[in-house]
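>>> Sharing a sequence plus its predicted fold:
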Amino acid sequence: MGLRERKKEKTRLAILDAALDLFLEQGYESTTIEQIAGAVEISPRTFFRYFTNKDHLVLWFHEHGAEILLETLAERPREEPPFTSLMHALRAVLSDVEGSTPADAARFLKLRGLLDGHPHLIGLSVARGAEIERRLAEEVAARRGMDPDQDQLARLIVAFAMSTMRVGFECVRRECTMQEIKHRMAESIELAESCLRPGWDLRR
């Protein structure tokens, strides 16, 4: 990452940090883009160079995770069983989480707290997850040489994989640490792999 990209990333994270703090302090609906921009000492116009709106801030982690999933899947051998490829993609997400800084972990936990208190935002999260699953299913169907609109197995393969991630990221207690989340994610992947018969995802 060059100097320009590092500066942009630093500004993006500063905006995200300011927004999460304001959302948790005074409420999501009550917080304006002008307030977020002011907290970072930038103009609203500069804000929109990084995020399209407040909802985009909340979905930033979804975008980041989706990028890792899609890039990893694209790099896997095309002859590899699709579910195996998706498990490698989930492990890439887990590796990213394991390499997170304390600041990254704090952002993630703040976002989790924000979602817990706002059903509207949970709806956005679910909708974004469905879009990510659609894109993954299209890639899996293409690898199988099938029409994405007709390949029901491709959608099931992706659904099983993404369910594995959802269970892994669940918090069984009101408060949980990133270490617990990492452990649950790793355990969830191992369970999913051990519960399914080899070759189940290769049928036509």
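Nice, I can see it.
>>> Tell me, domain by domain, which residues of the protein belong where.
1-53, 59-195 (automatic domain parsing).
>>> centre of the chain versus the longest one, how much separation?
With C-alpha atoms, centre = their mean, to the nearest Å as the basis, domain 59-195 stands 6 Å off its chain's centre.
>>> for it, how far is the first residue from the last?
Across its full length, domain 59-195 reaches 31 Å end to end, with C-alpha to C-alpha, to the nearest Å as the criterion.
>>> Also stretch 189-204?
25 Å.
>>> Can you read off the backbone torsions of Pro198?
Pro198 adopts backbone torsions of phi -60, psi 140, taken as degrees, to the nearest 10.
>>> And the helices in this structure?
3-26, 33-40, 44-50, 54-58, 60-75, 82-98, 102-116, 119-143, 152-169, 178-195 (DSSP state H).
>>> Mean pLDDT lowest where, among those helices?
Between the helices of the chain, the one with the least mean pLDDT is helix 102-116; it has a mean of 85.
>>> Can you point out the buried residues in that one?
Across helix 102-116, burial judged by 16 or more other C-beta atoms under 10 Å covers 104-105, 107-111, 114-115. Bear in mind the C-beta positions are built from the backbone N, C-alpha and C, glycine included.
>>> who's in contact with Ala154?
The neighbourhood of Ala154, defined by C-beta atoms under 8 Å, 6 or more residues apart in numbering, consists of 82, 137-138, 140-141, 144, 146, 148.
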